[in-house]
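1. Dropping the sequence and predicted coords here.
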Amino acid sequence: MTAKFFAFFSITYLALVCELAFGISVIDRNLDQLLEKSDEVVYGVVTNISSRYGSGKSSEQIYTYVDLSEVVSLKRPHEYDGTVFTLRIAGGRVGNRMQVIPGSPKFKLNTRYILFVKGNNQVSLPLVGINQGFLPATFDASMNDYRIAFDKRTEKIFSALFPEASPSANRSIKPLSERLPPGELMRLLSVKWQLRNNEEGL
């Protein structure tokens with residue numbers, strides 16, 4: 001049984017690595033590209049994470065379903081706001097079988113995220129730029145509020161919203177991760193999205 005498990009795991013791992021290498025782009029995106037390429041940008045709190053096999057031809061494929069509640073939507077506010085948004089990601093564990101996509105973002109229960117979503121329920125990793133479109137928020141007790149937990153890569157991307165925070169500007173300005181609540185980031189993204197649409201006459 002153990003030998004069969006490791007054989008299955010190895011085959012699945014290699015298959016998903018190939019899909020990641022050849023079917024999913026991981027090139028750096030700027031903020032305009034993240035907004036343009038996403039089908040939806042949502043903010044919510046993870047209330048459930050579950051894994052199960054797909055149906056039909058995908059019966060051997062395991063998917064993980066991440067439910068977000070208290071959803072705020074940027075592009076489709078009347079479709080998702082106040083409802084549950086479920087993100088489907090290939091991989092996960094069912095019983096003694098596990099499938100893994102290297103580099104796939106790790107979700108945690110009761111944690112808040114802003115997600116740039118593309119191809120949900122259609123592709124293996126429905127996040128634009130994978131980790132670039134994955135922004136967790138942590139609770140800051142000193143501020144009694146949440147703050148986006150940027151890493152170096154995402155902070156560089158989203159600093160485009162704040163020209164004064166560029167490396168050539170005032171270095172006394174606090175990093176984005178020390179001053180930007182997720183609700184404020186969603187507001188700024190909404191403004192930028194509307195301006196872009198107005199410029200294109202949409």
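-> Perfect, I can see it now. Numbers count the residues shown, from 1 in each chain.

2. hey, where'd the strands end up in the protein?
-> Assigned by DSSP state E, the chain shows strands spanning 40-53, 62-73, 85-90, 92-94, 97-99, 112-117, 134-140, 145-148.

3. quick one, the first one and strand 134-140 angle?
-> The directions of strand 40-53 and strand 134-140 differ by 100 degrees, with axes from the mean of the first three to the mean of the last three Cα atoms, to 10 degrees as the criterion.

4. list the buried ones in strand 40-53?
-> For strand 40-53, the neighbour count (16 or more other Cβ atoms under 10 Å) marks E40, V41, V42, Y43, G44, V45, V46, S51 as buried. Using the backbone N, CA and C atoms, a C-beta is placed for each residue, glycine as well.

5. pLDDT of it, averaged?
-> Strand 40-53 shows a mean pLDDT of 96.

6. for that strand, packing partners?
-> Here strand 40-53 touches strand 62-73, strand 92-94, strand 112-117, helix 182-200, going by 3 or more Cβ pairs under 8 Å, 6 or more residues apart in numbering; DSSP states H and E.

7. List the buried residues of the shortest one.
-> Residues G92 are the ones in strand 92-94 that count as buried (16+ other Cβ under 10 Å).

8. Could you pull up the residues touching N120?
-> Neighbour list for N120: D39, E40, L87, R88, P126 [criterion: Cβ atoms under 8 Å, 6 or more residues apart in numbering].

9. re earlier: indicate which one of the strands of the chain is closest to Q33.
-> Closest of the strands of the chain to Q33 is strand 112-117, at 9.8 Å (criterion: Cβ to Cβ).
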